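>>> quick one, structure for this:
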Amino acid sequence: MNLKTRSSDNVFSLSRYFYLKYVLAIVILVGVSGFLFYEIGKEYLLDAAERYSVSIARNLNHELYQHFFHVYGKTPETYDVRDSAQFSVLDGIARRFLAHLEVTKINIFNKSTVLIYSTTPEIIGQSTPNNLKLLQALQGELVSSLELAHEPPDITYDVHPVDFLETYIPLKELSPDLQTQGEIVGSFEIYQDVTNIYSQVRSLRTLIIFFFTLVIFGHIGVVYVITRRGDKLLAAERKLKEELERSIREKLELMVKHRTQELEEEKSKLEVILNNVPSALILLDKNLCVQSVSATYSTITGQVVSEVVGRPCTLCTGFGMLREECPSRKALLSGRIESCLHRHANNDQSLEHVSVPIRRNGQVDGVVEIITDVTQRKRLQDQLVRAERATAVGQLAAVIAHEVRNSLTSIKLILQHFWDSFKSRRTKEKESMKVALNALRRLESMVSDLLSFAKPRQMHLSLQDINQVVQESVVLARHRCERKRIQLRERFHSPLPKIPIDAAYLKEVIVNLLFNAIDAVEEDSGIVSMETKAVALPQTLRQSLDGNPFYDEDMEVERRATGENHIELQKGAKAITIVITDNGCGIPSDHVSRVFDPFFTTKTEGTGLGLTMARRVVQEHGGIIDVESQEGAGSKFRILLPIEPRQQ
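Sure thing, here's the model as predicted:
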């Protein structure tokens, strides 16, 4: 009310007070703003001019070395300022810059502070050893300063009738390819006329002050009109109140909007978390009807989420379980966490159900059922049990084989003693002893194979040349070829990269395959071929490990840790192949898939463990062995060993 009375009774006095204070503040503001703008604008334009000088100097540095110093084999120190021909070339380069750029004058000094070039030829040859700005530039610094018309110049006999921006920029040596900068060999001094800069700043300052003055006087006029209309004070007060209420309302609405957005974001985050959990989460009410379901439910069960919500859980999550076996029903009745493991008979899928009761005000009001697909885990557990069982069988077989070998040794010694007794006589007993000794030797061989199969040796890997290993294996088999008068063809591609292998183990595999090939071909007409080469696999190859019940200890530990039960060579991977081919009788089609099975053999004296052990050795090297055969046409065994070692 006081403000209203004062506005009504003392309008003229209030206006005078307002104008005195306001106009004084405006004058001070305009003056300070004009001064600050002038200084800031001048500083900005001078900085821009300095950057412009640096850019010119760099380009001129490049042009001088490209078209002058490298062409004439000169440096700023060796250049003769008295050579008019060279000066003409140098002057032409500099004048091209002056013709197209806003530069008044260019001076070039060598490292001895001698002026070797200037667009003012009269001062060329002058030395300014006391020029501190030049000395700083020769040390690698960028130096700029205003050289005013009334100040003495840096170079004797040089004159400047107007104010200049003087910039010293280091001149650096460039390599012949102009790509590499060397040491500082001189300095550029570039002059720019700042008269235009000052003129631009003053014009802009005047324009800004004029514009500010117009705006301010217009504002004063508006304020004057407002102060003269005292009858509108009440309306202004009411308007202010309405604006305040609107502002408060808008702030409240904004706060509600932000809070709603935060809740939506939290809900979205929770949904993302629930939908990315590998288990399906189902919210059930106290009637065991589905209220909400996470997206993982569709992945596990194959049912559509929208078709599940609102339905009884027995129709969508029971999966054929009996009513009394339902963990959610048990959790709802008992108030405790209940769980069960259910296996589908139709697709062999194993699901783990965990039901957690939800309490509200001390009463169980619903259930959260968590369904996890544990099929892979169960499969790995079953594989682990089978592997442990097979290991136990292998250990038992090793013990039995060891005891049998001891017994066979005793029997062999006794039979050998009797053989020596009948050595000088030809009797039926002597022939029987011979048959018995041969049978014992076969049994000893079988027991040795069984021991090697059941309890393999530790592998010792080292970088080896495959060709050398294969050639040594061929030497061991060559006498058999000569005895059967068959051809042994060798084709070794070289050089092959060395790879980490157990040479002794791999040699046994190759010899075994060679012996099998030799045994399969006919005398006089048989052909056995050996080939090694490096290849890039045209497709991904995979071979199961399940056919090998016993493994090297490190390989078994890795298999249990990773859950892998196969060897895989990716498409495009580089590998070394060892191929053994024969033109023998071939393998019947119903036997091809079984040749690597333990104890499978078609030989009367074979143990059926040779190829099984061969595959195990190759797989322990991270490789694959396979066979192609056609009955009556021969067989081809191929070993693939990765050049890159298997990642442990």
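>>> okay, and the residue nearest to residue 125 when sequence neighbours are not counted sits in which element?
Nearest residue to residue 125 in three dimensions, chain neighbours excluded: residue 81, at 5.4 Å (Cβ to Cβ, 6 or more residues apart in numbering). Every residue, glycine included, has its C-beta placed from N, CA and C. Secondary structure from DSSP states H and E places residue 81 outside every helix and strand.
>>> number of residues surrounding residue 81?
17 (other Cβ atoms under 10 Å).
>>> residue contacts, it?
Applying Cβ atoms under 8 Å, 6 or more residues apart in numbering to residue 81 gives the contacts 87, 114, 116-117, 124-125.
>>> same question, residue 579
With Cβ under 8 Å, 6+ apart, residue 579 has these contacts: 529-532, 636-639.
>>> ok, residue 354 touching residue 339?
Yes - with contact defined as Cβ atoms under 8 Å, residue 354 reaches residue 339; the gap is 4.5 Å.
>>> more crowded one of those two?
residue 354 (17 against 14).
>>> ramachandran coordinates for that one?
Dihedral pair for residue 354: phi -130, psi 120, per degrees, to the nearest 10.
>>> pretty sure residue 353 is touching residue 340, no?
Yes - checked against Cβ under 8 Å, the pair residue 353 and residue 340 is within contact range at 5.2 Å.
>>> joint contacts of residue 354 and residue 339?
residue 327.
>>> is residue 494 in a helix, a strand, or coil?
Classification of residue 494 by DSSP: H, G, I helix; E, B strand; the rest coil places it in coil.
>>> give me the number of residues near it?
10.
>>> quick one: it from residue 191, how far?
73 Å (Cβ to Cβ, to the nearest Å).
>>> do residue 336 as well
93 Å.
>>> who's more crowded, those two?
Between residue 336 and residue 191, residue 191 has the larger neighbour count (other Cβ under 10 Å), namely 21 against 11.
>>> tell me the pLDDT of that one.
Reported pLDDT at residue 191 in the predicted model: 80.
>>> my guess is it contacts residue 144. True?
No - contact criterion Cβ under 8 Å: residue 191 and residue 144 do not qualify, at 11.1 Å.
>>> list the contacts for the closest residue to residue 165 other than its chain neighbours?
Taking Cβ to Cβ, 6+ apart, and ignoring the residues beside it in sequence, residue 165 has residue 192 as its nearest neighbour in space, at 4.6 Å. When contacts are counted by Cβ under 8 Å, 6+ apart, residue 192 touches 49, 52-53, 102-104, 164-165, 167.
>>> mind running it again at 10 Å?
If you count contacts by Cβ atoms under 10 Å, 6 or more residues apart in numbering, residue 192 has them with 46, 49-50, 52-53, 56, 101-105, 144, 163-167.
>>> mark which of those residues are buried, thanks.
46, 49-50, 52-53, 56, 101, 103, 105, 144, 163-167 (16 or more other Cβ atoms under 10 Å).
>>> return the member of the contacts of residue 81 nearest to residue 303.
Residue 303 has its nearest neighbour among these in residue 117, at 87.9 Å by Cβ to Cβ.
>>> can you give me the mean pLDDT across the helix or strand hosting the closest one?
Applying DSSP H and E as the criterion places residue 117 in strand 115-118. Across strand 115-118, the average pLDDT comes to 84.
>>> show me what it is packed up against.
Counting by 3 or more Cβ pairs under 10 Å, 6 or more residues apart in numbering; DSSP states H and E, the packing neighbours recorded for strand 115-118 are helix 84-100, strand 105-110, strand 181-193.
>>> hmm, who's touching the longest one?
In this case it means helix 84-100. So helix 84-100 is contacted by 56-57, 59-60, 63-64, 66-69, 71-72, 74, 79-81, 83, 103-108, 116-119, 121, 124, 188, 190 (Cβ under 10 Å, 6+ apart).
>>> between it and strand 181-193, how big is the angle?
60 degrees (axes from the mean of the first three to the mean of the last three Cα atoms, to 10 degrees).
>>> mind exporting helix 84-100 as CSV, just the C-alpha atoms?
Presented in CSV, the C-alpha positions along helix 84-100 are these (Å, rounded to 0.1, in the frame of the first residue of the first chain):
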residue,chain,number,x,y,z
SER,A,84,71.6,-11.3,-57.6
ALA,A,85,70.4,-14.4,-59.5
GLN,A,86,69.6,-16.3,-56.4
PHE,A,87,68.2,-13.1,-54.8
SER,A,88,65.7,-12.8,-57.7
VAL,A,89,64.4,-16.3,-57.1
LEU,A,90,64.1,-15.7,-53.4
ASP,A,91,62.5,-12.3,-53.9
GLY,A,92,60.0,-13.9,-56.4
ILE,A,93,58.9,-16.4,-53.8
ALA,A,94,58.4,-13.8,-51.1
ARG,A,95,56.7,-11.3,-53.5
ARG,A,96,54.1,-14.0,-54.4
PHE,A,97,53.2,-14.1,-50.8
LEU,A,98,53.0,-10.2,-50.6
ALA,A,99,50.9,-10.1,-53.7
HIS,A,100,48.1,-12.3,-52.4
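>>> angle of it against strand 105-110?
140 degrees.
>>> quick check: buried residues in helix 84-100?
Within helix 84-100, the residues scored as buried using 16+ other Cβ under 10 Å are 86-87, 90-91, 93-94, 97.
>>> farthest pair in those?
86 and 97 (17.7 Å).
>>> now do the host helix or strand of residue 244, average pLDDT.
Following DSSP H and E, one finds residue 244 within helix 233-276. Mean pLDDT, computed over helix 233-276, is 81.
>>> am I right that residue 297 is in a strand?
No - read with three-state DSSP, residue 297 is helix and lies in no strand.
>>> how near is the closest residue to it other than its chain neighbours to residue 377?
Sequence neighbours aside, residue 280 is the residue nearest to residue 297 in space, at 3.9 Å (criterion: Cβ to Cβ, 6+ apart). Look at residue 280 and residue 377: by Cβ to Cβ, they are 16 Å apart.
>>> strands along the stretch 451-600 of the chain, start to end?
Taking DSSP state E, counting those that start in this stretch, the strands of the stretch 451-600 of the chain run over residues 462-464, 487-492, 499-501, 527-536, 541-544, 566-569, 574-582.
>>> gap between the third one and the chain center?
Between the centre of strand 499-501 and the centre of its host chain there is 28 Å, according to Cα atoms, centre = their mean, to the nearest Å.
>>> for residue 376, see how far away residue 461 is.
In terms of Cβ to Cβ, residue 461 sits 31 Å off from residue 376.
>>> I'd say residue 591 and residue 631 touch.
Yes - with contact defined as Cβ atoms under 10 Å, residue 591 counts as touching residue 631 (9.0 Å).
>>> can you list the weak-confidence ranges in the stretch 51-200 of the chain?
Across the stretch 51-200 of the chain, the ranges flagged by pLDDT under 70 are 97-102, 147-163, 197-198.
>>> okay, now the domains of this structure?
11-200, 231-276, 278-373, 378-453, 458-642 (automatic domain parsing).
>>> could you export those domains to TSV, including columns for distance to residue 211?
Formatted as TSV, those follow (distance: least, Cβ to Cβ, whole Å):
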stretch	distance to residue 211
domain 11-200	10
domain 231-276	29
domain 278-373	62
domain 378-453	81
domain 458-642	71
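>>> burial of the closest residue to residue 488 other than its chain neighbours, as a residue count?
Closest residue to residue 488 apart from its sequence neighbours, by Cβ to Cβ, 6+ apart: residue 481 at 4.6 Å. Number of residues near residue 481 (other Cβ under 10 Å) recorded here: 19.
>>> tell me the contacts of residue 481?
Residues counted as contacts of residue 481 (Cβ under 10 Å, 6+ apart) are 474, 487-488, 514, 517-518, 521, 526-528.
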